[in-house]
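S.K.: Okay, sequence plus prediction incoming.
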Amino acid sequence: MTTTRRDMLRLLAGTACAATLPPLFAAAQEPLKAIAAAKGLRFGNALGYKYFKDPAHRALMARECAVIVAENETKWPALEPKRGQHNFAPADEMFAWARKEGMQVRGHTLVWQPAKWLPAWVNAHDFGQGSREAERLLREHITTVCKHYGTGIYSWDVVNEAVDPATGDMRKNVFTERMGATEQIDFAFRVAREQAPHAQLVYNDYMREDAGSAKHRAGVLKMLAELKKRGTPVQALGIQSHIGSWDDEKQKTDPVRDWRAFLDEVTGMGYDLLITEFDVNDRMLPADFPMRDAGVAAMARDYLDVTLSYPQLKDFLLWGLSDNVSWLQTWDEAPRKDKLPQRPCPYDAQLRAKPLRDALAASLRAMPQRKA
């Protein structure tokens, strides 16, 4: 890695004129999906139904991506907002288009673990005594969704965000309260394996490399070790990779060392890796576009050069191709202090390529070849 995030942030803080910053990376015209495929990696993006309806956005997606994941349309609250009333139409329409364009489909997510992201009717459901009704309802949901999509989805995020980042403990919900936390995750993966025997089964979470994520990383490692001991059919860890300037730049630890140690432990247990939701939070970077975009590109290159160095990682998905569609524009936990829109994606709101796009291409070209 030639430029660390902290070095770039210090550079930006001491730079009086953004126009003096040289371009970090040469422009790349080859589609990102082709650059990735040459190294044995699948490259894709999450797309929401609202922006799927925009022809320009569809065209950009088709040009750059070999994989699609629905941003929200295959989550339980969207698929079954009311008990027994399923709505597969938006995702079906998106996936049918994607397949015509030659894309593969990832599924996200069968169970989003925090209680607030389960359907309201699930949280209000009368489970009675014991775990039998909880198991029945969970099995019903996973079976219905997996059967609907059949072999059309090659990889599933079976469980999403089961570890509390503040404590490293397992999150609680109506299922864990009746089945046990690890037991519920084990059950979900076993049902998914029964119903989607062809698919890669993934645990997905947003642990990061900074010191503030140490408990989160430790909790994920503890959970993965326990699942491995049980023989739970988890095949890979999905690393969301919402990176950026929320990290503590004053931390006294070495984030690169800590991140490598984490990935070494995960792969040492025999798990594969995926980058599932990549974007770059720029909330602490300068307002000036050229300066901000240079900082975002440098942070991306710094992170990707480490993470993509693991040949066990064969999928790389963005969580938005263009700035205007990014969830970070409405994320209320840590907005920019100047209230300006973020610039976290490789294309701007007018679908013009930015330095981040070139950083992605450079990291893809630099990573090791994957085995077939």
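M.R.: Nice, I can see it.

S.K.: Can I get stretch 79-87 in PDB? Just the C-alpha atoms.
M.R.: Listed next in PDB are the C-alpha coordinates belonging to stretch 79-87 (Å, rounded to 0.1, in the frame of the first residue of the first chain):
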ATOM      1  CA  LEU A  79     -41.000  -9.900   0.900                       C
ATOM      2  CA  GLU A  80     -43.600 -10.500   3.500                       C
ATOM      3  CA  PRO A  81     -44.800  -7.100   5.000                       C
ATOM      4  CA  LYS A  82     -48.000  -8.900   6.300                       C
ATOM      5  CA  ARG A  83     -48.300 -12.400   7.500                       C
ATOM      6  CA  GLY A  84     -48.700 -14.700   4.500                       C
ATOM      7  CA  GLN A  85     -48.800 -11.900   1.900                       C
ATOM      8  CA  HIS A  86     -45.600 -12.100  -0.200                       C
ATOM      9  CA  ASN A  87     -44.400  -9.600  -2.700                       C
END
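
S.K.: For it, list every residue counted as buried.
M.R.: Buried residues in stretch 79-87, counted by 16 or more other Cβ atoms under 10 Å: L79, E80. From N, CA and C alone the C-beta is placed, and that goes for glycine too.

S.K.: Same question for stretch 363-372.
M.R.: Using 16+ other Cβ under 10 Å as the test for burial, stretch 363-372 gives S363, L364, M367, R370.

S.K.: Tell me the backbone dihedrals of the first one, please.
M.R.: The main-chain torsion angles of S363 are listed as degrees, to the nearest 10 and equal phi -70, psi -40.

S.K.: Identify the residue nearest it in space, chain neighbours excluded?
M.R.: L304 (3.8 Å; Cβ to Cβ, 6 or more residues apart in numbering).

S.K.: In contact with the one you found, which residues?
M.R.: Each residue near L304 by Cβ atoms under 8 Å, 6 or more residues apart in numbering is listed here: A359, L360, S363, M367.

S.K.: among the buried residues of stretch 363-372, which are in helices?
M.R.: Using DSSP state H, the subset of these located in helices is S363, L364.

S.K.: Can you add distance to N160 and pLDDT and give the buried residues of stretch 363-372 back as TSV?
M.R.: Below are the buried residues of stretch 363-372 laid out as TSV (distance: Cβ to Cβ, whole Å; pLDDT from 0 to 100):
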residue	distance to N160	pLDDT
S363	25	98
L364	26	98
M367	26	98
R370	25	95
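
S.K.: the strands in the chain, which residues?
M.R.: Counting by DSSP state E, the chain has these strands, from start to end: 42-47, 67-70, 104-112, 155-160, 200-205, 236-239, 242-244, 272-281, 313-318.

S.K.: Tell me the helices and strands packed up against the first one.
M.R.: Using 3 or more Cβ pairs under 8 Å, 6 or more residues apart in numbering; DSSP states H and E as the contact criterion, the elements in contact with strand 42-47 are helix 32-38, helix 55-64, strand 67-70, strand 104-112, strand 313-318.

S.K.: got a list of contacts for it?
M.R.: Applying Cβ under 8 Å, 6+ apart, the external contacts of strand 42-47 come out as 32-33, 35-37, 57, 61, 64-71, 94, 103-104, 106, 108, 277, 314-321, 364.

S.K.: Give me the buried subset of the residues you listed.
M.R.: Neighbour counting with 16+ other Cβ under 10 Å marks 32-33, 35-36, 57, 61, 64-71, 94, 103-104, 106, 108, 277, 314-321, 364 as buried within the contacts of strand 42-47.

S.K.: May I have the predicted confidence score for T253?
M.R.: Here the pLDDT value assigned to T253 is 78.

S.K.: nope, A236 is what I meant
M.R.: With respect to pLDDT, A236 has a value of 98.

S.K.: ok, now which ones touch R139?
M.R.: Going by Cβ under 8 Å, 6+ apart, R139 touches F187, V191.

S.K.: Kindly provide the distance from it to M207.
M.R.: The gap separating R139 from M207 is 28 Å, by Cβ to Cβ, to the nearest Å.

S.K.: Closest one of the contacts of L304 to L41?
M.R.: Among those, M367 lies closest to L41 (Cβ to Cβ), at 7.4 Å.

S.K.: Hmm, S309 and the closest one touching each other?
M.R.: Yes: under the criterion of Cβ atoms under 8 Å, M367 makes contact with S309 at 6.5 Å.

S.K.: Low-confidence ranges, the stretch 151-300 of the chain, go.
M.R.: Within the stretch 151-300 of the chain, the ranges that satisfy pLDDT under 70 run 246-252.

S.K.: follow-up on the earlier one: and the strands of the chain as CSV, adding distance to K229?
M.R.: Converted to CSV, the strands of the chain look like this (distance: least, Cβ to Cβ, whole Å):
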stretch, distance to K229
strand 42-47, 30
strand 67-70, 30
strand 104-112, 21
strand 155-160, 17
strand 200-205, 15
strand 236-239, 16
strand 242-244, 29
strand 272-281, 18
strand 313-318, 24
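
S.K.: and F88, how many neighbours does it have?
M.R.: Using other Cβ atoms under 10 Å, F88 is surrounded by 17 other residues.

S.K.: Quick check: phi and psi on it?
M.R.: F88 has phi and psi values of phi -90, psi -10 when expressed as degrees, to the nearest 10.

S.K.: Now do it against I185, distance only.
M.R.: 25 Å.

S.K.: try Q369
M.R.: Q369 is 33 Å from I185, by Cβ to Cβ.
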